[in-house]
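# 3D, please:
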Amino acid sequence: MADLDRIVRLKTVLARTGLSRSTLYRKMGEGTFPRQVPISVHGAGWRELAINLWIADPAGYRPEKL
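Sure, this is the predicted structure:
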């Protein structure tokens, strides 16, 4: 059975990447970190698959349609 692509929240992303909140948002603005996806009117998260790709190769990460 293939792993499902889950949505993870900020606390999980920070713990898994070791980035600070400000660095994460700066990298998103630079296009070197996955963008958030809306999950509700006031909430957003990240696709776990995109975070895993970034963790595997932070320097080589390029945003792509997943």
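# Please look at residue 16 and residue 51 and confirm they touch.
Yes - shown here, residue 16 and residue 51 form a contact pair, counting by CB atoms under 8 Å, at 6.3 Å. To be clear about C-beta, it is placed using only N, CA and C from the backbone, and glycine gets the same treatment.
# ok, those two, which is more surrounded?
Set side by side, residue 16 and residue 51 show more neighbours around residue 51, with 19 against 15, by other CB atoms under 10 Å.
# pLDDT of whichever strand or helix holds the more buried one, averaged?
Residue 51 is part of helix 48-56 when elements are defined by DSSP states H and E. Average pLDDT, helix 48-56: 95.
# now stretch 12-30
Here the average pLDDT along stretch 12-30 is 97.
# got the buried residues for that stretch?
13, 17, 19, 24, 27 (16 or more other CB atoms under 10 Å).
# In helices, which of those appear?
Members of the buried residues of stretch 12-30 lying in helices (criterion: DSSP state H): 13, 17, 24, 27.
# Distance to residue 63 added to those, as a markdown table?
Listed next are these as a markdown table, based on distance: CB to CB, whole Å:
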| residue | distance to residue 63 |
| --- | --- |
| 13 | 15 |
| 17 | 16 |
| 24 | 14 |
| 27 | 11 |
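# Could you measure from the residue nearest to residue 34 when sequence neighbours are not counted over to residue 33?
Closest residue to residue 34 apart from its sequence neighbours, by CB to CB, 6 or more residues apart in numbering: residue 50 at 3.6 Å. Distance, residue 50 to residue 33, using CB to CB, to the nearest Å: 9 Å.
# go on, residue 56?
Distance from residue 56 to residue 33, by CB to CB: 13 Å.
# Which one's more surrounded, those two?
Applying other CB under 10 Å to residue 56 and residue 33 shows that residue 33 carries more neighbours, namely 23 against 9.
# Tell me the secondary structure at the more buried one.
Classification of residue 33 by DSSP: H, G, I helix; E, B strand; the rest coil places it in coil.
# Quick check, it in contact with residue 24.
Yes - at 6.2 Å, residue 33 counts as touching residue 24 under the criterion of CB under 8 Å.
# Give me the contacts around the helix holding residue 51.
Identification of contacts with helix 48-56 by CB atoms under 8 Å, 6 or more residues apart in numbering yields 5, 6, 7, 8, 13, 16, 17, 33, 34, 61, 66.
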